[in-house]
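Peer 1: Please work out how this folds:
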Amino acid sequence: MPGLLRGVARTAVVAGTATAVSNRVSRRQQGRWAAQQEPQEPQYAAPPPPPAPAPPPAGSDMSSKIDQLKQLGELKDQGVLTESEFEEQKRRILQG
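Peer 2: Okay, the predicted model is just below:
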């Protein structure tokens, strides 16, 4: 009888340990998945790119381009423009 009791007790300890470990792993995985989901939750549609700037007068071409680039940089810093939108608008200004 003592051998049987010892075997049952050992089985209970092993099963309890396995359950505790399994629960801890599950909680850790859920925490990681939740952390991965948080940045993706607030998905908003990107605002449309600002309209192309009007052609500058012929005399102040360079200063006008500099002013436009400064405005684009401010929009990017404010989060209105993404990096790719900023690059596209910058390319248009410098080509025109």
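Peer 1: Going by C-alpha atoms from here, please, whenever you check contacts or count neighbours.
Peer 2: OK.
Peer 1: Okay, domains of this structure per the record?
Peer 2: As given by automatic domain parsing, the domain ranges for the chain are 2-40, 61-95.
Peer 1: Of all those domains, which one is nearest P50?
Peer 2: domain 61-95 (8.5 Å; CA to CA).
Peer 1: what's the burial count for V80?
Peer 2: 17 (other CA atoms under 10 Å).
Peer 1: State the distance from the residue nearest to it when sequence neighbours are not counted to R32.
Peer 2: Spatially, and ignoring its direct neighbours in sequence, V80 is nearest to P47 (7.2 Å; CA to CA, 6 or more residues apart in numbering). Distance of P47 to R32, computed by CA to CA, to the nearest Å: 31 Å.
Peer 1: ditto for A18
Peer 2: Separation of A18 from R32 (CA to CA): 21 Å.
Peer 1: ditto for Q71
Peer 2: Q71 is 40 Å from R32, by CA to CA.
Peer 1: so after the helix or strand where G16 lies, what's the next helix or strand?
Peer 2: Taking DSSP states H and E as the definition, G16 sits inside helix 2-37. As assigned by DSSP H and E, the chain's next helix or strand after helix 2-37 is helix 61-78.
Peer 1: who's in contact with that following helix?
Peer 2: Helix 61-78 has contacts (CA atoms under 8 Å, 6 or more residues apart in numbering) with P53, P56, L81, T82, E83, F86, Q89, K90, I93, L94.
Peer 1: for the helix or strand of the chain with the lowest mean pLDDT, the distance to its chain's centre please.
Peer 2: Lowest mean confidence among the helices and strands of the chain (mean pLDDT, DSSP states H and E): helix 2-37, at a mean of 76. Relative to the centre of its chain, helix 2-37 is centred 34 Å away, using CA atoms, centre = their mean, to the nearest Å.
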